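Undergrad: no letters, just coordinates:
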């Protein structure tokens, strides 16, 4: 994160240095885009997120059922702990531990699959975003457009994020 912030700052300093040296050559038009906002608020991003959520509903339900089963086994073990034999208690504890490991494994696998699926969809959206940015840059004669995830300050005058989101909605 710090490296990204440092890189952004270096890029900004370089841009201002170029702008300072190029004032003699004429006006330079610069824009910035917040890709995080695009991945949160654009229509393609919202549709992709809803699609991914739907794909993972059944796995999430299975995991919830597994967690409920583990909770039930834990409660039964606690209730019956005084009335069952040591061997039966150990057997129930083994079943509970096994179910707990299975649940943790399923949760981890689902998170990994979800993240991979999300990355796939986001990379497609970013490709469309880059095409939209390029189209806007050519139509409005921008000299430079920077993609910033986050910045301390940027003028509304140079922020074209909403324009890119609108362009994506029109596609």
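TA: Arrived safely, thanks for sending. The model shown is predicted, which means the values in this text are computed figures rather than measured ones.
Undergrad: longest helix anywhere in the protein?
TA: Taking DSSP state H as the criterion, the chain has its longest helix at helix 86-139.
Undergrad: quick check: next helix or strand after it?
TA: strand 144-148 (DSSP states H and E).
Undergrad: let's verify the nearest residue to residue 146 once chain neighbours are set aside: helix, strand, or coil?
TA: Distances taken as CB to CB, 6 or more residues apart in numbering put residue 32 closest to residue 146, at 4.9 Å, once the chain neighbours are dropped. Every residue, glycine included, has its C-beta placed from N, CA and C. With DSSP: H, G, I helix; E, B strand; the rest coil as the basis, residue 32 sits in strand.
Undergrad: could you list everything residue 32 pairs with in the sheet?
TA: The partner list for residue 32 in beta bridges (DSSP bridges) reads residue 146, residue 159.
Undergrad: and it, how far from residue 161?
TA: Taking CB to CB, to the nearest Å as the measure, residue 32 falls 8 Å from residue 161.
Undergrad: ditto for residue 63
TA: 36 Å.
Undergrad: and residue 88, by the same measure?
TA: For residue 88, the distance to residue 161 equals 63 Å [CB to CB].
Undergrad: low-scoring stretches of this structure, by residue?
TA: Counting by pLDDT under 70, the chain has low-confidence residues at 1-26, 150-151.
Undergrad: let's see 50
TA: Low-confidence segments of the chain (pLDDT under 50): 1-2, 4-11, 13, 15, 17-25.
Undergrad: residue closest to the middle of the chain?
TA: Residue closest to the average C-alpha location in the chain (CA atoms, centre = their mean): residue 118, at 6.8 Å.
Undergrad: residue 137 and residue 147 touch, don't they?
TA: No - the pair residue 137 and residue 147 does not pass the contact test of CB atoms under 8 Å, sitting 11.8 Å apart.
Undergrad: with that, I have no additional questions.
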